[in-house]
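**Q** Dropping the sequence and predicted coords here.
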Amino acid sequence: MSYETIVTEPRSKVGLIRLNRPQALNALNMQVLADLLAAARAFDRDDGIGAMVITGSEKAFAAGADIKEMQAKTYIDAYMQDFFSGWEDFARIRKPIIAAVAGYALGGGCELAMMCDFIIAADNAKFGQPEITLGVMPGMGGSQRLTRFIGKSKAMDLVLTGRMMDATEAERCGLVSRIVPVADLMEESMKAATKIADFSLPAVVMAKEAVNRSYETTLSEGLRFERRVFHSMFALDDQKEGMAAFTEKRKPHFSNR
Ligand SMILES: CC(C)(O)CC(=O)SCCNC(=O)CCNC(=O)[C@H](O)C(C)(C)COP(=O)(O)OP(=O)(O)OC[C@H]1O[C@@H](n2cnc3c(N)ncnc32)[C@H](O)[C@@H]1OP(=O)(O)O
């Protein structure tokens, strides 16, 4: 399948998606959304793929939503098109997605990275929600996800001042899971995705669903949900295989059943 604004590559069990609008620092327009959704859904349906990596260029993961596409919109355009609601479909992809972020991840770029399951940052990464400098505020989930990830004080600081934070600060406040030298970003991200893709796919998808549930429910409901999903795993061939392999001191061979 070929796309206008992204390049995709299935590599072993990992679906790699690279944003490819270098002339606009990978700004996210409606075509990018359509292409990204189509690619992520295709990898999600592909039995040979166990995880995905989404990345940009060394200069920019994505410098935000496309300001030139947005600027002439009226309130009624935005409201009737339910502008940006399509991005929530991206957040509903079931297989794990790692955001491999180098350079700018601003506005919608930061919000896209947060829709992924975790972020591996290059040491040159810069995160921010600069929408306030354009006379607006985050509209792809930034005011909600960023606050849950890094807490109210830091989220307010970023959203209200529009300042950028570097990779070290992003890791310190929990936005980023690890930092690697920019030259190693793809290798480290692909290595992490391959590790995930080698595990039992149903177990991985259930684990992702359970962690995500913690953002949407109370602790007691979340614990109940976790236990129910955990119990259901004893119906998997992969649970039998994983535990047998441990006791027999060998590597497991998961069948994704
Ligand atoms: C989703 C929402 C609702 O949350 C909203 C948003 O995401 S709003 C967008 C938030 N992002 C920004 O405000 C960042 C805008 N970009 C910049 O501030 C700068 O480009 C930079 C600091 C990231 C990089 O600066 P520099 O190296 O000097 O490169 P530029 O010459 O500025 O950019 C190169 C080229 O890319 C175009 N560009 C950059 N960002 C965007 C964007 N978000 N939308 C559209 N186009 C963008 C920029 O205009 C340049 O193109 P030309 O003008 O040379 O054709």
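**A** The structure has been received and is ready for your questions. Since this is a predicted model, take the numbers as computed values, not measurements. Residues are numbered from 1 along each chain as shown.
**Q** Close to the ligand: what parts of the stretch 51-200 of the chain are there?
**A** Residues of the stretch 51-200 of the chain lying close to the ligand (C-beta under 6 Å from any ligand atom) are 63-68, 104, 106-108, 111, 130-131, 134, 138-140, 142. C-beta: built from backbone N, CA, C; applies to glycine.
**Q** Can you get me a residue count around Ile17?
**A** Counted with other C-beta atoms under 10 Å, the neighbours of Ile17 add up to 23.
**Q** Now do the phi/psi pair for it.
**A** phi -120, psi 120 (degrees, to the nearest 10).
**Q** Correct me if wrong: it contacts Leu36.
**A** Yes. The pair Ile17 and Leu36 passes the contact test of C-beta atoms under 8 Å, sitting 6.7 Å apart.
**Q** Quickly list what's touching both of those two.
**A** Ile6, Ile54 (C-beta atoms under 8 Å, 6 or more residues apart in numbering).
**Q** Tell me, how many residues neighbour Met115?
**A** Residues near Met115, counting by other C-beta under 10 Å: 18.
**Q** So which of the residues of the stretch 51-200 of the chain next to the ligand sit within strands?
**A** Tyr104, Leu106 (DSSP state E).
**Q** ranges for the helices of this protein?
**A** 30-45, 67-70, 75-80, 87-91, 108-115, 142-150, 152-161, 167-172, 185-197, 201-213, 219-232, 237-247 (DSSP state H).
**Q** can you redo these as a markdown table with distance to Met1 and mean pLDDT?
**A** Converted to a markdown table, the helices of the chain look like this (distance: least, C-beta to C-beta, whole Å; pLDDT from 0 to 100):
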| stretch | distance to Met1 | mean pLDDT |
| --- | --- | --- |
| helix 30-45 | 6 | 97 |
| helix 67-70 | 24 | 96 |
| helix 75-80 | 30 | 96 |
| helix 87-91 | 17 | 94 |
| helix 108-115 | 20 | 98 |
| helix 142-150 | 29 | 97 |
| helix 152-161 | 36 | 98 |
| helix 167-172 | 33 | 98 |
| helix 185-197 | 20 | 98 |
| helix 201-213 | 21 | 98 |
| helix 219-232 | 32 | 98 |
| helix 237-247 | 29 | 98 |
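**Q** Tell me which of those helices sits most buried.
**A** Of all these, helix 108-115 carries the top mean neighbour count, a mean of 28, counting by mean count of other C-beta atoms under 10 Å.
**Q** Would you show me how to pick out the buried ones of the residues of the stretch 51-200 of the chain next to the ligand in ChimeraX?
**A** In ChimeraX, this line selects whichever of these come out buried by 16 or more other C-beta atoms under 10 Å:
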select :63,64,65,66,67,104,106,107,108,111,130,131,138,139,140,142
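**Q** In this model Ile93 seems to touch Arg41, though I could be wrong.
**A** Yes. Contact status for Arg41 versus Ile93: in contact at 7.1 Å, counting by C-beta under 8 Å.
**Q** just to revisit the earlier point, could the helices of the chain go into TSV alongside distance to Gln23?
**A** Listed next are these as TSV, based on distance: least, C-beta to C-beta, whole Å:
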stretch	distance to Gln23
helix 30-45	13
helix 67-70	11
helix 75-80	25
helix 87-91	22
helix 108-115	15
helix 142-150	24
helix 152-161	27
helix 167-172	25
helix 185-197	22
helix 201-213	34
helix 219-232	44
helix 237-247	45
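**Q** Can you give me the domain assignment for this protein?
**A** Annotated domains of the chain cover 6-197, 200-248 [the TED database].
**Q** can you redo those domains as CSV with distance to Phe254?
**A** Below are those laid out as CSV (distance: least, C-beta to C-beta, whole Å):
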stretch, distance to Phe254
domain 6-197, 9
domain 200-248, 4
